[in-house]
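Novice: I would like to see how this sequence folds:
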Amino acid sequence: MRILHCCICCFYIDGYNYQENIIPRINQEDGNEVFIIASTFSYENNDTTKPIYLEPCKYKTETGIPIERVAFQNLGIPILTNKVKKVKNLYEKIEKINPDVILFHGPSSVEVKTLIKYKKKHEQVKIYIDSHADYYTTGTNWLSKNILQGTFFAHYLKKALPYIEKVLYVSTGCGDFMREVFKVPDEKLEFYSLGGVIPKQKELDDDRVSVCRELDIPEDSIIFLQAGKFDKRKKLVESLREFEKHTDDRLVYLIAGSLSDDISELAKKMITRDSRIKYLGWKNGDELHRYLNACDVYVQPGKVSAIAQDAICRNSIVILNNLPEYKLFVLENGWLINDPSELKEIFDKITNGKVDIEATKRESKEIAKKYFDYKTLAARLYQ
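Specialist: Sure, this is the predicted structure:
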């Protein structure tokens, strides 16, 4: 098949392991001819506080997928240009590719109307629109939720519904946003989770040995990991505060990511005074996978992050914030908490041997197979 991924609404960062990177790569591995059209909007070094606009260009991804970067059409007012996300000659670019399947990443662009035009001329094409929009990231104020999303972009999506297969929502919160703000009927919605690649057991075992040697820790350590771009909302400091209360030398706490100014000074003091806490710095996707493979427990008591799904795919026990997005896949494989103070009781249980770590990790593996395997998610586009 010829499969086109349109990343006009969302950012596309080269070389990372976001959904927009992984699914095209797996589509290609499955023997399909894959193409990407992406906007020039991105972030410097994956730092969402540093937006950048690249030059329009054509090149190939690290696995040889053709990608074209296209600029938003100038509408005279920068904020309008960046919100409307109109692209010059998108229809002609799609015509040239002649895809069998289009996955349009995000509903928030006037270019949704281009999908209607293309479907009318090419009835055989299957078109999907996925959505990462929710109340935390998109509908953050009245104007955004009710006017920009709920009226303007919802108008284009409503017109497109008869011409597309499904709107694929990546979390329960995103599904609610599509129903309540965009008014998409249930029959047009389908859960399409953010996920991960499920590694072979040998990879997990090898990375465990490698990481323990690198960090000079015993292989029978109980390894916790917290990862991401850390600001106050990620509650890293609160997690470390609870960890410090336990003096068991078997416990190791790894931190992978960047520290924002609002927590950096305090976090570094905590890291320095406890040798069991090890700050790894920022890690790219492949490097982070190595540490996820090695850890026993992934900790994420703050805001939503797709790393949680990736951790489950790599057999980690999880401790996550008690959010609707996570209720589906935190069952016997971990805990949902309302406040970081609840970590103390969990650390107590683990320290006192009241948690069968290996059995709990196997629960994560089964959940990952059911919901998160990107091989299965990529193949959904061929059905």
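Novice: How about the contacts made by the spatially most central residue of the chain?
Specialist: In the chain, the residue lying closest to the centroid (C-alpha atoms, centre = their mean) is residue 306, at 3.6 Å. By C-beta atoms under 8 Å, 6 or more residues apart in numbering, residue 306 lies in contact with 18, 19, 194. For the C-beta atoms, the positions are set from N, CA and C on the backbone; glycine is no exception.
Novice: and which of these is nearest residue 78?
Specialist: Distance to residue 78, by C-beta to C-beta, is smallest for residue 18 among these, at 25.3 Å.
Novice: Quick check on the closest one: phi, psi?
Specialist: phi -80, psi 170 (degrees, to the nearest 10).
Novice: which non-adjacent residue is nearest it?
Specialist: What sits nearest to residue 18 in space, not counting adjacent residues and going by C-beta to C-beta, 6 or more residues apart in numbering, is residue 306, at 7.5 Å.
Novice: confidence score at the one you found?
Specialist: With respect to pLDDT, residue 306 has a value of 80.
Novice: Ok, residue 303 next?
Specialist: Residue 303 carries a pLDDT score of 84 in this model.
Novice: Residue 342 now?
Specialist: pLDDT recorded at residue 342 is 97.
Novice: give me phi/psi at residue 87?
Specialist: phi -120, psi 130.
Novice: so what's it bridging to?
Specialist: Beta-bridge pairing for residue 87 (DSSP bridges): residue 72.
Novice: pLDDT below threshold where in this protein?
Specialist: For the chain, the stretches with pLDDT under 70 are 46-49.
Novice: my guess is residue 290 meets residue 207, correct?
Specialist: Yes - between residue 290 and residue 207 there is a contact under C-beta atoms under 8 Å: 4.9 Å.
Novice: can you give me the strands in the stretch 101-250 of the chain?
Specialist: For the stretch 101-250 of the chain, strands defined by DSSP state E, counting those that start in this stretch occupy the ranges 101-105, 126-131, 166-169, 189-191, 222-230.
Novice: How many neighbouring residues does residue 87 have?
Specialist: 20 (other C-beta atoms under 10 Å).
Novice: start at 33 instead
Specialist: Okay, residue one is now 33; in that scheme the one you just asked about reads as residue 119.
Novice: Can you tell me how far it is from residue 87?
Specialist: In this view, residue 119 and residue 87 are 15 Å apart by C-beta to C-beta, to the nearest Å.
Novice: For the strands of the stretch 133-282 of the chain, could you give me TSV that also reports distance to residue 60?
Specialist: Below are the strands of the stretch 133-282 of the chain laid out as TSV (distance: least, C-beta to C-beta, whole Å):
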stretch	distance to residue 60
strand 133-137	13
strand 158-163	18
strand 198-201	20
strand 221-223	23
strand 254-262	27
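Novice: Indicate which one of those strands is closest to residue 94.
Specialist: Of all the strands of the stretch 133-282 of the chain, it is strand 133-137 that lies closest to residue 94, at 19.1 Å by C-beta to C-beta.
Novice: Next, format the contacts of residue 338 as TSV and append distance to residue 131 and neighbour count.
Specialist: Formatted as TSV, those follow (distance: C-beta to C-beta, whole Å; neighbours: other C-beta atoms under 10 Å):
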residue	distance to residue 131	neighbour count
50	21	18
51	18	23
226	23	24
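Novice: Could you point out which of the residues you listed is nearest to residue 157?
Specialist: Using C-beta to C-beta, residue 51 is the member of the contacts of residue 338 that lies nearest residue 157, at 21.2 Å.
Novice: and residue 253, what does it touch?
Specialist: The contact partners of residue 253, taken as C-beta under 8 Å, 6+ apart, are 244, 282, 283, 284.
Novice: Please tell me I have it right and the second one contacts residue 252.
Specialist: Right, the one you point to is residue 282. Yes - taking contacts as C-beta under 8 Å, residue 282 lies within contact range of residue 252: 7.1 Å.
Novice: between those two, who's got more neighbours?
Specialist: More crowded of residue 282 and residue 252, by other C-beta under 10 Å: residue 282, with 14 against 7.
Novice: Who are the contact partners of residue 367?
Specialist: Counted by C-beta under 8 Å, 6+ apart, residue 367 has contacts 350, 351, 352, 374, 378.
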